[in-house]
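Engineer: How does the following fold in three dimensions:
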Amino acid sequence: MEERIKGKKVQINNQRIQQFFCKRNKKDLPHRYNYVNYQDDKPEVALERDKIEKTKIRRFIHFGESDYVLDIGCGVGRWGDAIIPELKSGKYVGVDYTQDFIEIAKSHFTSKNSKFICAPFQSLKSSLEKEQESRNYDAILINGVLMYINDEDIDCCLEQVDHLLKKCGFLYIKESVGVKERLTLVDFYSSELEANYNVIYRSIYEYTEILSKYFIKKGYSIISCGPTWSNEMNYDEETSNYYWILMK
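Structural biologist: Prediction:
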C-alpha cells in the first residue's frame, strides 16, 4: 500500500499505532512533553508550543476548584500540569490507551484529585464505569486523538463524549490537520521520530462536518476556533494544528 495517501479515505492499523507509542516510551527524550508533542530534534519547540496552547485555551476555559475534568488522550499528563493544581474538591481524570504513558503520569502526580486510566477511546464509557468515574464532566479535552481514530469508529467515540459532558460544559478539541486536503500516512517512516508512523490528517472542512454532526446540531455553540499556534511554529507545509472550543 502507498505510504502517503492524499484525499482518499483509507484505514490505519490500530495495532501499529499502539506499537509506535509503546516503542516511543523507550526513547531517551529531554522532557516528558516530547513523548506526546514530538519535535525530537527540536525539543524546545515542544515546550514552546505547549505554553502557547495552554495560554490561549485558558482564556476561554476556566477550571473551577470543584470541576470534574476528563482528558481523553492525556498521554503523560501534559494538561494535568495546568489543571490539577486548580482543583480542590473536583477531580481530573486522564485516559490514554498507552499504558507506559499512564505509568509516567501516575508517577508524576500523587494528589488524590487525579486519576489515570488506560483505555481506548472506543470503549471510553465502559472503562470509566468500571473505574467508577462515569459522570457528567464540567470539561472534556480531546487532544491529538482523533487523528489516530478511523472513520468507522468516530461515531462511537464522539457519541460517548456527548453523553459524558454536562449541560453548559466545555469541550476542547485539538488536532493536527491537512492544510489543503486529507492526508493519511500508512507505515510511513519518519526520520525525525525514527519510526513508522500511522496517522490521519483530516482537513479542517472534514472536522467542520464532524463537529456539525455530533455537536452543533445538538445545540453546542463554538466559543473559539483557529490555528493553535502561528505559522512560524509550523515546520510542515502539508499539515498544521487547529483547535475548537465548544460549549454544550
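
Engineer: Show me the strands in this protein, by range?
Structural biologist: In the chain, the segments counted as strands under DSSP state E are 4-6, 68-72, 91-96, 114-118, 137-143, 165-178, 183-190, 195-201, 221-227, 239-247.

Engineer: For the ones you listed, give me a markdown table that also has mean neighbour count.
Structural biologist: To be clear about C-beta, it is placed using only N, CA and C from the backbone, and glycine gets the same treatment. Putting the strands of the chain into a markdown table (neighbours: other C-beta atoms under 10 Å) gives the following:
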| stretch | mean neighbour count |
| --- | --- |
| strand 4-6 | 13 |
| strand 68-72 | 26 |
| strand 91-96 | 25 |
| strand 114-118 | 20 |
| strand 137-143 | 22 |
| strand 165-178 | 20 |
| strand 183-190 | 18 |
| strand 195-201 | 20 |
| strand 221-227 | 13 |
| strand 239-247 | 19 |
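
Engineer: Reformat the ones you listed as TSV; add distance to P43 and mean pLDDT.
Structural biologist: Shown next, in TSV, are the strands of the chain (distance: least, C-beta to C-beta, whole Å; pLDDT from 0 to 100):
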stretch	distance to P43	mean pLDDT
strand 4-6	26	93
strand 68-72	23	98
strand 91-96	21	97
strand 114-118	24	97
strand 137-143	19	97
strand 165-178	18	97
strand 183-190	16	91
strand 195-201	17	92
strand 221-227	22	96
strand 239-247	17	96
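
Engineer: between those strands, which gets nearest to R24?
Structural biologist: Counting by C-beta to C-beta, R24 lies closest to strand 195-201 out of the strands of the chain; the figure is 7.0 Å.

Engineer: what are the pairing partners of the closest one, and which direction each?
Structural biologist: strand 183-190 (antiparallel) (DSSP bridges).

Engineer: Outside of the strand it pairs with itself, list whatever touches it.
Structural biologist: 1-6, 8-10, 12-13, 16, 195-201, 238-239 (C-beta atoms under 8 Å, 6 or more residues apart in numbering).

Engineer: Output it as CSV, restricted to C-alpha atoms.
Structural biologist: Output of strand 183-190 as CSV, limited to C-alpha atoms (Å, rounded to 0.1, in the frame of the first residue of the first chain):
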residue,chain,number,x,y,z
LEU,A,183,-3.5,13.2,4.2
THR,A,184,-3.1,9.7,5.5
LEU,A,185,0.2,8.1,6.4
VAL,A,186,0.3,4.4,6.4
ASP,A,187,3.5,2.9,7.9
PHE,A,188,5.3,6.0,6.7
TYR,A,189,8.9,6.1,8.1
SER,A,190,9.6,9.4,9.9
